[in-house]
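>>> Give me the fold of what follows.
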Amino acid sequence: MTITGQCLCGAVRYSVEGELQMCGVCHCKNCQRQAGSAYSVLFAVSDEQIDIDGSLTVYEDNADSGNVVHRHFCGTCGSPVKTTLPTQPGMTFIKAGTLDDTSILEPQIHFWTDSKQQWVKVDDNVAQIGGNPS
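Numbers count the residues shown, from 1 in each chain. Prediction:
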């Protein structure tokens with residue numbers, strides 16, 4: 001399977017080969033601020049699965065967990081494209097809103113639900129973690 005996506009202006013494009021390793025929804029305050037929304041939907045792939053064409057700017061964030069989070073975004077339009085974590089080398093977390101076709105997504109987990117917006121309702125059949133997933 002080949003999955004493709006891009007930033008808002010198209011200056012950054014990517015393709016992913018193979019299956020997604022995880023799809024989740026993060027409700028942490030930093031993801032809310034970075035996404036400009038109530039949460040951030042993302043999916044995980046290994047670094048070897050993704051090919052990115054275009055230049056990304058990196059912001060080094062400090063999560064509530066104390067971990068460093070590298071937030072990669074298009075320097076032209078500001079679209080968040082991916083996140084990498086030094087604590088999880090070899091993994092890339094792609095922002096799902098950048099996908100060309102989002103129909104393949106089905107979140108398997110919601111994390112940092114202790115800080116989710118009170119009006120957001122999460123399906124009781126989907127796993128939920130109050131803080132950082134292990």
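>>> The lowest-mean-pLDDT helix or strand in the chain - contacts with which helices or strands?
Lowest by mean pLDDT, DSSP states H and E among the helices and strands of the chain is helix 29-35, with a mean of 92. The contact analysis (3 or more CB pairs under 8 Å, 6 or more residues apart in numbering; DSSP states H and E) places helix 29-35 against strand 40-46. (Each C-beta comes from the backbone N, C-alpha and C, glycine too.)
>>> Follow the chain on from the strand it packs on and name the next helix or strand.
Next along the chain after strand 40-46, taking DSSP states H and E as the criterion, comes strand 50-53.
>>> How far off centre is that following strand?
15 Å (CA atoms, centre = their mean, to the nearest Å).
>>> go on, stretch 110-125?
From the chain centre to the centre of stretch 110-125 is a distance of 16 Å (CA atoms, centre = their mean).
>>> Look at that stretch and report the distance between its end residues.
For stretch 110-125, the first-to-last residue distance is 11 Å (CA to CA, to the nearest Å).
>>> Name the residues of it that come out as buried.
Across stretch 110-125, burial judged by 16 or more other CB atoms under 10 Å covers 110-113, 115-116.
>>> Ok, stretch 68-83 next?
Buried residues in stretch 68-83 (16+ other CB under 10 Å): 69, 71-74, 79-83.
>>> quick one: contacts of the least confident helix or strand of the chain?
Helix 29-35 is touched from outside by 38-40, 61, 63-64, 69, 71, 80, 95, 97, 112, 115, 117, with contacts defined as CB atoms under 8 Å, 6 or more residues apart in numbering.
>>> on that earlier part again, from the buried residues of stretch 110-125, which is closest to Tyr14?
Phe111 (23.4 Å; CB to CB).
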